[in-house]
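*Asks:* dropping the sequence and predicted coords here.
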Amino acid sequence: MNTRKTLCVNGKGHLEIGGYDCVELAQRFGTPLYVFDEDYIRGMMRVYRDVIANDYGDGLVLYASKAFSCEAMYAIAKQEGIGADVVSGGELYTAMKAGFPAKKICMHGNNKLPQEISYALDCGVGLLVLDNPSEADLLEEECEKRGIRQDVLLRVNPGVEAHTHKFVQTATPDSKFGFSVGSGAAEEMTRHILAKKHLRLRGFHCHIGSQIFEKQSFCIAAEKCLAFMANMKKTLGFEADTLNLGGGFGIWYTDEDEKFTLDGYAAYLKALIGAVKEGCAKYGLNAPRLMIEPGRSVVGEAGVTLYTVGAIKEIPGIRKYVAVDGGMFDNPRFCLYGSKYTAILANRAAEQPTELVSVAGKCCESGDLIGVNMNLPRAERGDILAVLSTGAYNYSMASNYNRNLIPPAVLVKDGKADYIVKPQSYEDLVRNDVIPERLK
């Protein structure tokens, strides 16, 4: 367990987050329940914001909304003075509903829909990141209709292979994202955008993947992007004034992962800043505005999901299943990626684990597991199971599979808890269902 001041075992032997006993949270709000530690979220936002301000100067942290998007997250980001990146019209709408400043929003997407581009322009989004030629053409047409000029970035692929799961590597040669620097596609697309009258190319964006622990991968990506920027200055006379190096910093899920403090993440970013400064000096470039897009590292370890243990099934010599009242509908990451988690019994958090079990969900699906070989004390029906580091990509990927309800989310701070996503009801499940007249 990666403990901290706001995530610990309290005097009752219970797991506590944000000063609130997790057993009491389960009793008050029910389970399954997503719980988010506000102090941790703010602490991470401040670390990134302050390191850029103090060690670099001109830059902007953009919270990567896809990790966890709800109005409260944008409210926190706004209060902390950072920006946000969005990857859909829905994320943009949520940010705007929360009163987030559009000029501090960067919109991504490898296939932005025409209505999403139109909505982004209506909102006055600060930057759009272009990922294909037809998108640039469509954006040009929309801007011409409005008589405006839109700031854009071009997503490039520097060809850096980070050591992470293949599904979350985004800068390998075979990727749906970005234009390859090595093949010449990035230069060709740069020319394409510069020829547009209503698009203002500010610079370049890259993102090499997620759950990365090596500083070197980020530094190599920065160097390759700066070399490309220098080449564009030399061959096209275009000097970019913005460089967005994405996110992807790793977090702790199990003891196989490194444990970083806030200072550890500051060191991560300082190494990246050092590489940018060194590259600018090497290639004779003016220091660009530096952007980063942390998501998982901001909210991942801030989150805990609480479940109630139900059926327990032991197959002698094979496996023991401990079933909970959630499953792949609130956390599909084990099914998708084989993602590993740490689980503890929140009501018996001080007890030592005694057995390896598979934590199963309640879905009608053999693969509905939260994890295998999870080390727990001997669980009993009614225990409260806490799965740690579930703040990123759990609620975001949740579904109503088997018509299960997506759990609510609460934000905890100083022993206080409030809904940030309300509970669903069965009525919510059928709200958009329609029976045609011919079936009545």
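*Replies:* Arrived safely.
*Asks:* so where do the strands sit in the stretch 251-400 of the chain?
*Replies:* Using DSSP state E, counting those that start in this stretch, the strands assigned to the stretch 251-400 of the chain run over residues 289-292, 303-315, 319-324, 343-345, 355-360, 369-376, 384-388.
*Asks:* in its sheet, which strands sit next to the first one, and in what direction?
*Replies:* For strand 289-292, the paired strands and their directions (DSSP bridges) read strand 59-64 (parallel), strand 242-244 (parallel).
*Asks:* I'd like those strands as JSON lines, with mean neighbour count and mean pLDDT appended.
*Replies:* For the C-beta atoms, the positions are set from N, CA and C on the backbone; glycine is no exception. As requested, the strands paired with strand 289-292 are exported to JSON lines (neighbours: other C-beta atoms under 10 Å; pLDDT from 0 to 100):
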{"stretch": "strand 59-64", "mean neighbour count": "27", "mean pLDDT": "98"}
{"stretch": "strand 242-244", "mean neighbour count": "25", "mean pLDDT": "98"}
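*Asks:* the strands of the stretch 251-400 of the chain: which one's closest to Asn2?
*Replies:* In this view, these are compared for proximity to Asn2 by C-beta to C-beta, and strand 384-388 is the closest at 7.4 Å.
*Asks:* which helices and strands does the closest one pack with?
*Replies:* When contacts are defined as 3 or more C-beta pairs under 8 Å, 6 or more residues apart in numbering; DSSP states H and E, strand 384-388 sits against helix 22-29, strand 303-315, strand 343-345, strand 369-376.
*Asks:* of those, which stretch is the most buried?
*Replies:* Between the helices and strands packed on strand 384-388, the one whose residues have the most neighbours on average, counting mean count of other C-beta atoms under 10 Å, is strand 343-345 (a mean of 24).
*Asks:* ok, residues contacting that one?
*Replies:* Counting by C-beta atoms under 8 Å, 6 or more residues apart in numbering, the neighbours of strand 343-345 from elsewhere in the structure are 1, 15, 309, 351, 359, 370-371, 374, 376-377, 379, 383-388.
*Asks:* what pairs with it, parallel or antiparallel?
*Replies:* In the sheet containing strand 343-345, its partner strands are strand 384-388 (antiparallel), by DSSP bridges.
*Asks:* export the partner strand as CSV, just CAs?
*Replies:* These are the backbone C-alpha positions of strand 384-388, laid out as CSV (Å, rounded to 0.1, in the frame of the first residue of the first chain):
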residue,chain,number,x,y,z
ILE,A,384,-15.7,-3.8,2.6
LEU,A,385,-13.1,-4.3,-0.1
ALA,A,386,-11.1,-1.3,-1.2
VAL,A,387,-9.2,-1.3,-4.6
LEU,A,388,-6.5,1.3,-4.6
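*Asks:* run through who's touching it.
*Replies:* Applying C-beta under 8 Å, 6+ apart, the set of residues contacting strand 384-388 from outside is 1-2, 7, 15, 22-23, 26, 31, 253, 301, 304-309, 322, 324, 331, 341-347, 349, 359, 370-371, 376, 379.
*Asks:* neighbouring strands - and their directions - for the helix or strand of the chain with the lowest mean pLDDT?
*Replies:* Counting by mean pLDDT, DSSP states H and E, the weakest-scoring helix or strand in the chain turns out to be strand 179-180, with a mean of 92. Here strand 179-180 is paired, per DSSP bridges, with strand 150-157 (parallel).
*Asks:* nearest residue to Lys97 in space, please, no chain neighbours.
*Replies:* Setting aside the residues directly before and after it, Lys97 is nearest to Glu71 in space (C-beta to C-beta, 6 or more residues apart in numbering), at 5.8 Å.
*Asks:* which pLDDT value belongs to the one you found?
*Replies:* Looking at Glu71, its pLDDT reads 98.
*Asks:* can you give me every residue that contacts it?
*Replies:* For Glu71, counting by C-beta under 8 Å, 6+ apart, the contacting residues are 94, 97-98, 420.
*Asks:* how about Val181?
*Replies:* If you count contacts by C-beta under 8 Å, 6+ apart, then Val181 has 156-159, 224-225, 228 around it.
*Asks:* how about stretch 280-296: buried residues?
*Replies:* By neighbour count, and taking 16 or more other C-beta atoms under 10 Å as the criterion, the buried residues in stretch 280-296 are 280, 283, 285, 287-296.
*Asks:* nearest to Lys259 among the residues you listed?
*Replies:* Checking the buried residues of stretch 280-296 one by one against Lys259 (C-beta to C-beta), the nearest turns out to be Arg296, at 15.1 Å.
*Asks:* wait, that closest one sits on Ser396?
*Replies:* No - between Arg296 and Ser396 no contact is recorded; they are 10.4 Å apart, counting by C-beta atoms under 8 Å.
*Asks:* overlap of the contact sets of those two?
*Replies:* Common neighbours of Arg296 and Ser396, counting by C-beta under 8 Å, 6+ apart, are Ala67.
*Asks:* returning to that earlier point: tabulate the strands paired with strand 289-292 (JSON lines), appending distance to Phe213.
*Replies:* Output for the strands paired with strand 289-292, formatted as JSON lines (distance: least, C-beta to C-beta, whole Å):
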{"stretch": "strand 59-64", "distance to Phe213": "18"}
{"stretch": "strand 242-244", "distance to Phe213": "21"}
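*Asks:* residue contacts, the spatially most central residue of the chain?
*Replies:* For the chain, the residue nearest the mean C-alpha position is Ala67 (2.4 Å; C-alpha atoms, centre = their mean). By C-beta under 8 Å, 6+ apart, the residues touching Ala67 are 295-296, 298-300, 391-393, 396.
*Asks:* just those residues now: which is nearest His207?
*Replies:* For His207, the closest of these turns out to be Gly295, at 10.5 Å, with distances computed as C-beta to C-beta.
*Asks:* leaving out chain neighbours, which residue sits closest to that closest one?
*Replies:* Once flanking residues are discounted, Gly295 sits nearest to Ala64: 2.7 Å by C-beta to C-beta, 6+ apart.
*Asks:* gap between the two ends of stretch 360-373?
*Replies:* For stretch 360-373, the first and last residues are 11 Å from each other (C-alpha to C-alpha, to the nearest Å).
*Asks:* nearest to Asp85, out of the helices and strands packed on strand 384-388?
*Replies:* When the helices and strands packed on strand 384-388 are ranked by proximity to Asp85, the top entry is strand 303-315, at 19.2 Å, counting by C-beta to C-beta.
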